[in-house]
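Q: Kindly return the folded structure for what I paste below:
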Amino acid sequence: MPKKAGQSGDGYKQLADALSTGQIGSLYILHGEEHYLLARALDRLRAKLFPDGLSSFDYRRFEGKTLSVEELDDAINTLPAISERTLIEIHDLDMFKHDRKQRMAELFSDLPEYVCIAIIFDTIEFKPDGRVKLDAELLRNGQIIEFRTQEQDKIVTWIKRHFADAGKSISSADAEYLAFVTGGYMDTLHGEIGKTAAYARETTVTRSDIDAVVPPVLDAVVYKLTDALFNRDHTGAMRILDELLRMREPPHKLLFSVSLKMRQLLAARVYINSGPSYKGAIKEICGIRSDYAVRTLIETARRSSVSYCREAVICCAGTGMHMNTSSQPEACLTELIVKLAHLSNL
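A: The predicted structure follows:
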């Protein structure tokens, strides 16, 4: 049976199972961080309902920002002309706005069998209020499918398979590294795999190939900056900061990232000696998805002390207070890196 509202899990698999068995529901609410999987699932839904191609008569796409309840009502009550079912696709519908919830709940409670509605949350957040009865009523007849970021082992397997499709191979370690520097989202990875495969001269893709063509996400760069500090490569740390500032990264955003990394290092340093399951504890408490990032964090934490990490967190907090009143936030960041470099000599 299809999963009902409130249930979660592997979104792509849920919808794939429904498509393979032909048990396609009347109302799907698709959301989640992994837009690549969401888009592929939506493509499969379209293909299943329209095997000969999209029908301009029976496929209707709306933008939620401009869709009225009256237009939706008309679309629902229009019989399919060619296909067995009508697919109504709505992107970024703010379905929880107070002035439309009651009417929409009534529409969704009695959908005809020939209708399939897919509500896709692309740029707005899917955020029902569980305390509001009408929100629950609105979702009662729908299947809520969340497309979550994939586990590390699945991402690595997926990366290796896509490189193989391009005639290349990559080690598991370097696949983990690629996932780390891109943020681990499949939508981004898909493009970077193609670019890296085209760049690599050898059959096996190496880390140097990745570094040559893949722009790292901010989090990955901050890891490199903190590593430089802990390796006492202060010149390298200042060079990385200068690159970030020249990339027009907002100073407050950079400070947040550096501060977060220092708090994570403090947590890792404390948990390292807590028992055999410390890696899982660090991953959970720091909110880190990447196994590569956790290993890097632990390796860096081992080269430090609790006192250093604590002082680093305090320095970051002080810089934040100073930056809020300073007319030169870039200078505040530079001073912070100098202070952290000094701390590393303690």
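
Q: What about Asp92, how many residues nearby?
A: 17 (other CB atoms under 10 Å). All C-beta spots, glycine's among them, are computed from the backbone N, C-alpha and C.

Q: meant to ask about Met104
A: Quick note: Met104 (other CB under 10 Å) scores 20 neighbours.

Q: buried stuff in the helix or strand hosting it?
A: Here Met104, judged by DSSP states H and E, is contained in helix 98-108. Buried residues in helix 98-108, counted by 16 or more other CB atoms under 10 Å: 100-101, 104-105, 107-108.

Q: ok, then the element right after it?
A: Scanning forward in sequence from helix 98-108 by DSSP H and E, the next helix or strand is strand 115-120.

Q: For the next helix or strand after that next one, which outside residues touch it?
A: Following strand 115-120 in sequence order, the next helix or strand is helix 133-139 (DSSP H and E). If you take CB atoms under 8 Å, 6 or more residues apart in numbering as the criterion, helix 133-139 is touched by 5-6, 29, 95-96, 101-102, 104-105, 108-109, 128-130.

Q: who does whichever helix or strand comes after helix 133-139 touch, helix- and strand-wise?
A: Counting by DSSP H and E, the element after helix 133-139 in chain order, helix or strand, is strand 143-146. Secondary-structure packing of strand 143-146 (3 or more CB pairs under 8 Å, 6 or more residues apart in numbering; DSSP states H and E): helix 11-21, strand 27-31.

Q: Give the rounded mean pLDDT of the first one.
A: By that I understand helix 11-21. Mean pLDDT, helix 11-21: 80.

Q: quick one: buried residues of it?
A: Result for helix 11-21 [16+ other CB under 10 Å]: buried residues 11-12, 14-16, 18-19.

Q: Turn these into a markdown table, including distance to Phe147.
A: Formatted as a markdown table, the buried residues of helix 11-21 follow (distance: CB to CB, whole Å):
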| residue | distance to Phe147 |
| --- | --- |
| Gly11 | 4 |
| Tyr12 | 6 |
| Gln14 | 10 |
| Leu15 | 9 |
| Ala16 | 12 |
| Ala18 | 14 |
| Leu19 | 15 |
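
Q: Ser277: how many residues sit nearby?
A: Residues near Ser277, counting by other CB under 10 Å, number 9.

Q: Can you check the pLDDT for it?
A: If you check Ser277, the pLDDT there is 81.

Q: Also Ser274?
A: On the pLDDT scale, Ser274 gets 76.

Q: Distance-wise, check the residue nearest to it when sequence neighbours are not counted relative to Thr300.
A: Spatial nearest neighbour of Ser274, excluding adjacent residues (CB to CB, 6 or more residues apart in numbering): Ala281 at 6.5 Å. Relative to Thr300, Ala281 is positioned 17 Å away (CB to CB, to the nearest Å).

Q: Those two: who's more crowded?
A: Neighbours per residue (other CB under 10 Å) separate Ala281 from Thr300, with Thr300 holding more: 21 against 16.

Q: Can you show me the CA trace of stretch 280-292 as PDB?
A: Coordinates of each C-alpha in stretch 280-292 appear next as PDB, following Å, rounded to 0.1, in the frame of the first residue of the first chain:
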ATOM      1  CA  GLY A 280      29.300   8.000  15.700                       C
ATOM      2  CA  ALA A 281      28.800  10.400  18.600                       C
ATOM      3  CA  ILE A 282      30.900  13.100  16.900                       C
ATOM      4  CA  LYS A 283      29.100  12.700  13.700                       C
ATOM      5  CA  GLU A 284      25.700  13.100  15.400                       C
ATOM      6  CA  ILE A 285      26.500  15.900  17.700                       C
ATOM      7  CA  CYS A 286      28.300  17.900  15.000                       C
ATOM      8  CA  GLY A 287      25.600  17.300  12.400                       C
ATOM      9  CA  ILE A 288      28.100  16.000   9.800                       C
ATOM     10  CA  ARG A 289      26.900  13.700   7.000                       C
ATOM     11  CA  SER A 290      30.300  13.000   5.400                       C
ATOM     12  CA  ASP A 291      32.500  10.200   6.700                       C
ATOM     13  CA  TYR A 292      35.400  11.900   5.100                       C
END
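
Q: Flag the shaky bits of the stretch 201-346 of the chain, pLDDT-wise.
A: Within the stretch 201-346 of the chain, the segments meeting pLDDT under 70 span 344-346.

Q: so Tyr223 makes contact with Ala293?
A: Yes. In this structure, Tyr223 is within contact of Ala293 by CB atoms under 8 Å, at 7.0 Å.

Q: give me the element the residue nearest to Ser274 is part of.
A: With secondary structure defined by DSSP H and E, Ala281 is part of helix 278-286.

Q: Now do the buried residues in that helix.
A: Applying a neighbour-count criterion of 16+ other CB under 10 Å, the buried positions in helix 278-286 are 279, 281-283, 286.

Q: Can you list the neighbours in contact with it?
A: Taking CB under 8 Å, 6+ apart as the rule, helix 278-286 contacts 264, 267-268, 271-272, 274, 288, 291, 294, 297-298.

Q: Quick check: buried residues in the following helix or strand past it?
A: For helix 278-286, the following helix or strand on the C-terminal side (DSSP H and E) is helix 291-302. In terms of neighbour count (16+ other CB under 10 Å), helix 291-302 has its buried residues at 291-294, 296-298, 300-301.
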